[in-house]
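Participant: Attaching a predicted model along with its sequence, questions to come.
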Amino acid sequence: MAGGITTLDLRINGEQRVVAFPTHHTLLEVLREECGLTGTKHGCELGECGACAVLVDGRPVLSCLALAAEMKGRDIETIEGLQESNELVPLQAAFADLGAAQCGYCTPGILMTAKALLDQKPDPSRKEISEGLAGNLCRCTGYHKIVEAVEWAAAVERGENREYDAETLWGATEPGLETSLETGPETPTDGSTD
Amino acid sequence: MAEPVRKQPRSPVPVRETSIIGKPFRRVDGRPKVTGTTRFADDLDIPRLCFMKLSRSTVPHARIRSIDLTRAREIPGVLGFLTGDQMPETFGILPVSQDEHALCLDKVRMVGDPVVAVAALSEDAAHEAALLVEIDYEPLATISSLEDALATPEPRVHEDARGEGNVHKAVSMEFGDLDQAHAEADLVLKDTFFYQGNTHLPMEQHSAVAVPEDEDRITLYSSTQTPHYVHRALTRVLGLPASRIRVVATPNGGGFGGKSDPFNHEIVAAKMALQLGRPVKITLTREEVFYCHRGRHPVLMTLETGFKKDGTLTGQHLKSALDGGAYGSYGIASTYYTGALQTVTYKLPAYRFDGVRVFTNKPPCGPKRGHGTPQPRFGWEIQLDKAAHRLGIDPAELRLRNLETEGAVTANWLKLGTIELQRCIEAVVEGSGWRERYGKMPEGRGLGIACGSYLCGAGLPIYWNHMPQSGVQLLLDRSGGVAVFCGETEIGQGSDSVLAAIVAEVLGIELADIRLCVADTDLTPVDLGSYSSRVTLMVGNAAVEAAERAKDLLAKAAADELEVPTERLVFASGRVFDAADPDRGLSFQETCIAAEARFGTLGTVGSYTPPRSPGRYRGAGVGPSPTYSYTASVVEVEVDSDTGIYRPLHVWIAHDIGRSLNPVLVLGQVEGSVYMALGEAMMEEQEFRRLPPRRSRALVHKMPSMLEYKSPTFCDMPPVTTYLIEQEDPRGPFGAKEVGQGPLLPVLPALANGIFDAVGVRVDQVPIQPFMILSALAAKHRRFGPDSFPDVNFGETLAVPTPMQGGDGKAIDDLQARRRSGMASTTGTMTTRDEALSQHKKLTTD
């Protein structure tokens, strides 16, 4: 077994904490096991699936391939730090409302990667969103709802008053049927950010 | 925050007024999933938790001579070991194939079979110790493929299995007179197809945490889709009463059928926790998940189908051969499922099914999304396309001419529910511009169409019993909140949301006032699990019943308080009020208080048992369902005939959902199915290879990693247009039918048919790889695919007269009796089998 314990002052979600861990352990292991931050997931531990993505100095990093011992002085952000209050941020709200999270296992990694994407590029095209997230696998959604959620959140973050797309919520209109356009009664969970 | 625009398509039929059901509400577990607070099994931490690893077989087929733990014991931190002799009892998901051991007892049947378990203070130490376990093997010949298994009766993978040699199951049944059907046909097509095996690849690796509660009580938390069946397997192997075992299914990080079996690692963790007297966790590596498998069976199949000139079907003979891998798993059901649902989409007056499953020294196959039905559906829908071309009928039109009808009983005795497939076909035809574009696009561009149907829950439970398949219990009290207890398991499909929404809808309260307690064998009524697309229909109906009973109770109390007759009371908007005078009412909480004062502690239950199916023959247990879902899809594809590289450009898909309980969740299942279907059609394969001779030549998984097992990424998904076709089915809760699996079925053959429209070649197997298209382009018959079906003894054919022949659902054992029966009289002059065959040969082209 690889020997040695490293003790480091890690900065995670803006909080400093002293963590001791086996030197060969990855950032993923240290976040989940030593820090109890189990929001970050693992799907392969080989850098293939993106489930473990966190932000290091604002850039997405696969925490299963990063050694915790190399994180001295770095700014680590995980899913647990995405909100600043009890309110969901637009990315989270859109993921929850639009079916961008089904089983939810890939979701933290995708949300963190999407955050980094939007921080860099506030107005991405659908293609840019897909390319930006192409390192994250999701087996449930078929990806479109995720792209739509990121697109909506980007618009809201830019200050636009964007509604959810009707086809995203209801599906396409059956050909030959009339549609009724109306604003329904307020349902507290629709479109709000909690 | 912006409010969504409610642009709701107007259904041609009126749907019930509802406030939550039918609307795109946020799923009840949405918030924990986007905040990272959902507790998956591997997220559980318990004081004194230790970690377990399994030392697995490195050889595909061998007897275990000896096990040496000496070196493994020396690793610091090791707490204990388990070997197979400590758990000699067998288990398995199906009562007829109890062929697994928690740890291999005397022989190993595949690379990856677990032999020794080791627990240690850290995962690192357990891992290191597991690597140092020394197992001495006496090798046996490897059974590597379907052909190998059929040709090699000895050594048997399972010495005490019922079948012969390495045949696990052989089945043969005939409904109606197929020879006659073929004789009456103007065109008989015979085609052979191959559908490669593939795996579920859930993002979450299987994980289990076992906690000893007392000297002889244990709790197991596990990422399982079927806590009830895990409960039963633990009872059997641990030898403890069921009342002392608690299984809690944690939210699954994806299942797709891959977490539906009771697994050896779950049982071993429980045993280890009891042995050590401390909690034990095991989380599989991704490589181990590939070896756990239970995924799509590789299936070789031949379809021989008769058509009249106008496209009317006369009958079909389907033969399927499944490579099952090393264990039974759901395999006997899978074998029947390759045949059972061929009849529920189009009118098929005569049908014969021969199926065989073999054992090989590979990870066991089992149920994956669509369980046994995507394979024959692939062949069936391509063959329909071929027939349409031969007969000069538009492929969409050919399907419309043969549609089954609501309430019909099929040749193999399945009773059908509502069918809105015509609207589905019309929607995708219209949406894709089929009429203007099919067959008319430039070379390299094509459109393909296909349909599919699926169960809304298996009609029978996995083990024979007379109890309900699903139960729901409600607890109401003075808080005005409602606690809902149900054994259902959330695997991402939204079952928690369905359960909560139904109860909230019936009681007229908000989702926020519902608290769920689910998937816990100690605390919740039994639900059989998240498989066979059963949850919405069965849990939903049980929830409706429990909620209606609660409503009755509350209404009695409110009626007294308000001095209004119960039948005038309305439950809506968190109030109970007089329909004639809406101001006269109580809040829901006040109603609960009145009811608790009057009746004492408030609780109700509901349960659901599917209706009895009319089939009475052996094998009739696979296929029945309360109702069936229907789907149609058109895929547009672009093919480069120089390279064979192709790309789906757009998928149109219309799904007969009965009624959407939450359209966002329904759309998610449809799009997720389209995605998974494209993965299977284009790239996913569970393939095996031999290690080089210097490294044992063992049969191993070709690519047990997420990088090399190719699955579609964000950039691979074409746009998808989804139509939800609604027409309430009275058999489902609020009219709902399934959506989790059916929409996968039509996409693969629609893609293959689209490739034919684009470049005029047939690829009769999946995954479709560019070289196959090139090879077909160069071939005389413009086809790539398997040419022959092996010679298989399917055993004696069970003859079952069809409803049209006046049958009673039972089989006729004896051929003479069969001849005396209606089978002969309804088909006119009886021809001998040989006569029919020779006549049929004359008509068979190809």
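Facilitator: Nice, thanks for sending it over.
Participant: all contacts plus neighbour counts: C-alpha atoms, from now on.
Facilitator: Fine.
Participant: Model confidence score at residue 24, please.
Facilitator: I went with chain A, as the question did not name one. If you check A:His24, the pLDDT there is 97.
Participant: other chain: chain B
Facilitator: pLDDT for B:Pro24: 96.
Participant: doesn't B:Leu667 make contact with it?
Facilitator: No. Between B:Pro24 and B:Leu667 there is no contact, the gap being 10.2 Å when judged by C-alpha atoms under 8 Å.
Participant: what touches both of these two?
Facilitator: Residues touching both B:Pro24 and B:Leu667 comprise A:Trp170, with contact defined as C-alpha atoms under 8 Å, 6 or more residues apart in numbering or on different chains.
Participant: In terms of neighbours, single out the busier of the two.
Facilitator: Regarding B:Pro24 and B:Leu667, a neighbour count based on other C-alpha atoms under 10 Å in any protein chain shown identifies B:Leu667 as having more, with 29 against 26.
Participant: so what's the more buried one closest to, chain neighbours aside?
Facilitator: Closest residue to B:Leu667 in three dimensions, ignoring its sequence neighbours and counting by C-alpha to C-alpha, 6 or more residues apart in numbering or on different chains: A:Gly171, at 6.7 Å.
Participant: For chain A, what's its nearest residue on the stretch 301-450 of chain B.
Facilitator: B:Ala427 (5.7 Å; C-alpha to the nearest C-alpha).
Participant: who in the stretch 551-700 of chain B is up against chain A?
Facilitator: If contact is defined as C-alpha under 8 Å from any C-alpha of the partner chain, the residues of the stretch 551-700 of chain B in contact with chain A are B:Pro663, B:Val664, B:Leu665, B:Leu667, B:Gly668, B:Gln669, B:Glu671, B:Gly672, B:Ser673, B:Val674, B:Tyr675, B:Met676.
Participant: Confirm the third one sits in a helix?
Facilitator: Yes. Membership of B:Leu665 in a helix is supported by DSSP: H, G, I helix; E, B strand; the rest coil.
Participant: tell me the pLDDT at A:Thr187?
Facilitator: Here, the pLDDT recorded for A:Thr187 equals 42.
Participant: sec struct for the residue in the stretch 401-550 of chain B that chain A sits nearest to, please.
Facilitator: Across the stretch 401-550 of chain B, the shortest distance to chain A (C-alpha to the nearest C-alpha) belongs to B:Gly492, at 3.4 Å. Put simply, B:Gly492 is coil when judged by three-state DSSP.
Participant: show me the contacts for it.
Facilitator: If a contact means C-alpha under 8 Å, 6+ apart, then B:Gly492 has A:Gln102, A:Cys103, A:Gly104, A:Cys140, B:Pro251, B:Asn252, B:Gly253, B:Gly254 as its contacts.
Participant: One more: B:Arg278?
Facilitator: B:Arg278 touches B:Arg48, B:Leu49, B:Cys50, B:Val211, B:Pro212, counting by C-alpha under 8 Å, 6+ apart.
Participant: same check, this time on B:Val539
Facilitator: Neighbours of B:Val539 in contact, by C-alpha under 8 Å, 6+ apart: B:Ser470, B:Gly471, B:Val472, B:Cys486, B:Glu488, B:Leu499, B:Asp527, B:Ser607, B:Tyr608.
Participant: From those residues, which land in helices?
Facilitator: Judged by DSSP state H, the subset of those located in helices is B:Leu499.
Participant: Take the contacts of B:Val539 and write them to a markdown table, including distance to B:Leu303 and pLDDT.
Facilitator: Supplementary listing: those in a markdown table, determined by distance: C-alpha to C-alpha, whole Å; pLDDT from 0 to 100:
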| residue | distance to B:Leu303 | pLDDT |
| --- | --- | --- |
| B:Ser470 | 37 | 98 |
| B:Gly471 | 41 | 98 |
| B:Val472 | 43 | 98 |
| B:Cys486 | 42 | 98 |
| B:Glu488 | 38 | 98 |
| B:Leu499 | 41 | 98 |
| B:Asp527 | 37 | 98 |
| B:Ser607 | 40 | 98 |
| B:Tyr608 | 37 | 98 |
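Participant: residue ranges for the strands of chain A, please.
Facilitator: According to DSSP state E, chain A carries its strands in the segments A:5-12, A:15-22, A:53-56, A:59-62, A:75-77, A:179-182.
Participant: Give me whichever of these is most buried.
Facilitator: Of all the strands of chain A, strand A:53-56 carries the top mean neighbour count, a mean of 26, counting by mean count of other C-alpha atoms under 10 Å in any protein chain shown.
Participant: Residues in contact with that one: which ones?
Facilitator: Here strand A:53-56 makes contact (C-alpha under 8 Å, 6+ apart) with A:40, A:60-63, A:74-79, A:108-110, A:112-113, A:116.
Participant: Out of the strands of chain A, which is closest to B:Ser145?
Facilitator: Nearest of these to B:Ser145, taken as C-alpha to C-alpha: strand A:59-62 at 38.1 Å.
Participant: Can you spell out which helices and strands pack onto that closest one?
Facilitator: Contacts of strand A:59-62 with other secondary structure elements, assessed using 3 or more C-alpha pairs under 8 Å, 6 or more residues apart in numbering or on different chains; DSSP states H and E, are made with strand A:53-56, helix A:107-120.
Participant: Now the element after whichever strand or helix holds B:Glu174, going C-ward?
Facilitator: Of the helices and strands defined by DSSP states H and E, B:Glu174 is found in strand B:167-175. Tracing the chain past strand B:167-175, the next element assigned as helix or strand by DSSP H and E is helix B:178-184.
Participant: Name the next helix or strand following that following helix along the chain.
Facilitator: Remark: after helix B:178-184, the chain's next helix or strand is strand B:187-195, criterion DSSP H and E.
Participant: Summarise which helices and strands that next one is packed against.
Facilitator: Using 3+ C-alpha pairs under 8 Å, 6+ apart as the contact criterion, the elements in contact with strand B:187-195 are strand B:299-307, helix B:374-391, strand B:765-766, helix B:833-843.
Participant: Would you mind listing the buried residues in the following helix or strand past that strand?
Facilitator: Scanning forward in sequence from strand B:187-195, with DSSP H and E defining helices and strands, the next element found is strand B:207-214. Within strand B:207-214, the residues that qualify as buried by neighbour count (16 or more other C-alpha atoms under 10 Å in any protein chain shown) are B:Ser207, B:Ala208, B:Val209, B:Ala210, B:Val211, B:Pro212, B:Glu213.
Participant: Adding distance to B:Thr35 and pLDDT, write those residues out as JSON lines.
Facilitator: As requested, the buried residues of strand B:207-214 are arranged in JSON lines below (distance: C-alpha to C-alpha, whole Å; pLDDT from 0 to 100):
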{"residue": "B:Ser207", "distance to B:Thr35": "21", "pLDDT": "98"}
{"residue": "B:Ala208", "distance to B:Thr35": "23", "pLDDT": "98"}
{"residue": "B:Val209", "distance to B:Thr35": "23", "pLDDT": "98"}
{"residue": "B:Ala210", "distance to B:Thr35": "26", "pLDDT": "98"}
{"residue": "B:Val211", "distance to B:Thr35": "27", "pLDDT": "98"}
{"residue": "B:Pro212", "distance to B:Thr35": "31", "pLDDT": "98"}
{"residue": "B:Glu213", "distance to B:Thr35": "31", "pLDDT": "95"}
